[in-house]
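Engineer: Next come a sequence and a model predicted from it.
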Amino acid sequence: MLYASTGCFTLTAIMGVWLSIFAARHKRPFSFLTPIHVGSAIVGSVFLIIAISNGDSRLMLNVALAVAITAFGVLMAFFRRRGAMIAPLYMCHILLAVMFYFSMVCFTIFPHFGLN
């Protein structure tokens, strides 16, 4: 399940980079980018929860990061719909997502990462 979750979050990261390029240019992204970004994050989160329920307790930090990333993403969407782009929200979302992704990749590539 960890490989499936990492794969989904890789797609999420790719779509996120593409979305951030559009945001930096102050242009509207393609209509399919945001649903793919959000959908792959949701599917990856489901796989992450399944991995945790199978006994991989090392991933609890990732769950906390995922909740924070989601909260910033919802706030970004809320303000974006009203025409505002608040840079600190974007930066918090991006920085937390980078930490989350690197942690996921480390747990996936190195199965004994974080174990004594």
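Structural biologist: Nice, thanks for sending it over.
Engineer: Run the chain-centre distance for stretch 75-82.
Structural biologist: The chain centroid and the centroid of stretch 75-82 are separated by 17 Å under Cα atoms, centre = their mean, to the nearest Å.
Engineer: same check, this time on stretch 58-68
Structural biologist: Per Cα atoms, centre = their mean, the centroid offset for stretch 58-68 relative to its chain is 10 Å.
Engineer: List the buried residues of that stretch.
Structural biologist: R58, L59, N62, L65, A66, A68 (16 or more other Cβ atoms under 10 Å). For every residue, glycine as well, the C-beta is placed using N, CA and C.
Engineer: H37: which of these is nearest?
Structural biologist: A66 (13.9 Å; Cβ to Cβ).
Engineer: List the contacts of that closest one.
Structural biologist: S45, L48, F100 (Cβ atoms under 8 Å, 6 or more residues apart in numbering).
Engineer: swap the cut-off to 6 Å and go again
Structural biologist: Counting by Cβ atoms under 6 Å, 6 or more residues apart in numbering, A66 touches S45.
Engineer: likewise C92?
Structural biologist: Counted by Cβ under 6 Å, 6+ apart, C92 has contacts F72.
Engineer: can you tell me how far the residue nearest the centre of the chain sits from R82?
Structural biologist: The chain has A97 as the residue nearest its centroid, 5.0 Å off, counting by Cα atoms, centre = their mean. Distance of A97 to R82, computed by Cβ to Cβ, to the nearest Å: 23 Å.
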